[in-house]
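Asks: need coordinates for the below:
(one chain, ligands or ions: 1)
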Amino acid sequence: MSGRPKLVLASGSPRRLALLNQAGIEPTALRPADVDETPIKGELPRACANRLARAKAEAALKALQLDDDLRGALVLTADTVVAVGRRILPKAELVDEAAQCLRLLSGRNHRVYTAVCLATPKQTFRQRLVESRVRFRRLTEEDIKAYLDSGEWRGKAGGYAVQGIAGSFVVKIVGSYTNIVGLPLYDTVALLSGEGFPIRDGWLNAG
Ligand SMILES: Cc1cn([C@H]2C[C@H](O)[C@@H](COP(=O)(O)OP(=O)(O)OP(=O)(O)O)O2)c(=O)[nH]c1=O
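Replies: Numbers count the residues shown, from 1 in each chain. Sure, this is the predicted structure:
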């Protein structure tokens with residue numbers, strides 16, 4: 001990989017790695033960033049996503065200063081927030097949180113914001129925020145119970161995974177699908193290309 005800039009994906013999300021790989025991008029290393037992801041009281045969803053993606057990038061860059069092999073690497077982070085209006089839904093860790101999310105999302109529109117941040121060793125930060133709109137069908141109590149039993153909701157923003165069983169809840173998506181899964185690929189590839197990261201032919205003039 002001589003000449004190609006090193007890239008650290010500062011994420012513990014296997015979905016984000018899989019999406020990067022789908023675009024032919026193999027990070028040099030994975031270094032999940034350890035930040036407090038609690039939204040600030042009254043914070044708007046897009047501000048929360050932007051703030052957390054940046055915080056993850058700053059934490060990852062700081063950690064890399066101690067790593068001789070990766071000190072000069074680009075750092076890529078992302079943060080996904082699911083919201084109904086101004087209300088930010090939690091990243092479900094408890095079954096009751098997931099149940100509350102699903103009942104709130106049932107039969108209505110919601111938005112998914114993913115902020116992507118690309119940081120350089122010179123401490124420059126380039127960021128994009130992408131919004132997707134999603135509409136769920138009405139969920140019966142049976143739907144909700146079955147989904148809670150699946151455990152798929154664990155660790156997911158809004159308590160669901162569109163790439164999994166919850167794909168059957170979706171009646172409409174406006175905007176990027178990969179953005180909902182956790183990484184808006186078009187914008188991520190554009191950010192990387194802007195920093196001179198080599199991109200496989202055809203990926204940049206995708207619509
Ligand atoms: C809405 C939605 C979210 N998600 C996932 C994407 C993210 O992994 C997670 C949102 O939480 P994030 O805090 O954005 O990401 P993370 O904690 O999983 O990983 P890291 O912070 O280390 O990068 O929810 C799905 O997998 N499918 C979906 O449909």
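Asks: need the contact list for the spatially most central residue of the chain.
Replies: Compute the mean C-alpha point of the chain, and by CA atoms, centre = their mean the closest residue is residue 182, 2.9 Å away. By CB atoms under 8 Å, 6 or more residues apart in numbering, the contact set of residue 182 is 13, 15, 16, 19, 78, 80, 114. Glycine gets a C-beta too; all of them are placed from N, C-alpha and C.
Asks: what's the neighbour count on the fourth one?
Replies: By other CB atoms under 10 Å, 21 other residues sit near residue 19.
Asks: equivalent analysis for the third one, please.
Replies: Counted with other CB under 10 Å, the burial measure for residue 16 works out to 25 neighbours.
Asks: could you look up the SS state of it?
Replies: helix (DSSP: H, G, I helix; E, B strand; the rest coil).
Asks: what's the closest non-adjacent residue to residue 176?
Replies: Excluding the flanking residues, the one nearest residue 176 by CB to CB, 6 or more residues apart in numbering is residue 184, at 4.7 Å.
Asks: same question but for residue 196, I mixed them up
Replies: Of all residues not flanking residue 196 in the chain, residue 5 sits nearest, at 6.4 Å (CB to CB, 6+ apart).
Asks: just the CA trace of stretch 168-187, in CSV.
Replies: Below are the C-alpha coordinates for stretch 168-187, written out as CSV (Å, rounded to 0.1, in the frame of the first residue of the first chain):
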residue,chain,number,x,y,z
SER,A,168,-40.1,-5.4,6.3
PHE,A,169,-41.5,-2.5,8.4
VAL,A,170,-40.4,0.0,5.8
VAL,A,171,-43.0,1.3,3.3
LYS,A,172,-41.0,4.2,2.0
ILE,A,173,-37.5,5.6,1.9
VAL,A,174,-36.5,9.0,0.6
GLY,A,175,-32.8,9.4,0.2
SER,A,176,-29.8,7.2,0.8
TYR,A,177,-30.4,3.6,2.1
THR,A,178,-26.7,3.1,3.2
ASN,A,179,-27.1,6.3,5.2
ILE,A,180,-29.8,4.5,7.3
VAL,A,181,-27.5,1.5,7.9
GLY,A,182,-24.8,3.8,9.2
LEU,A,183,-22.6,5.2,6.3
PRO,A,184,-23.8,7.3,3.4
LEU,A,185,-21.5,5.7,0.9
TYR,A,186,-21.7,8.4,-1.8
ASP,A,187,-20.7,11.2,0.6
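Asks: sounds good, over and out.
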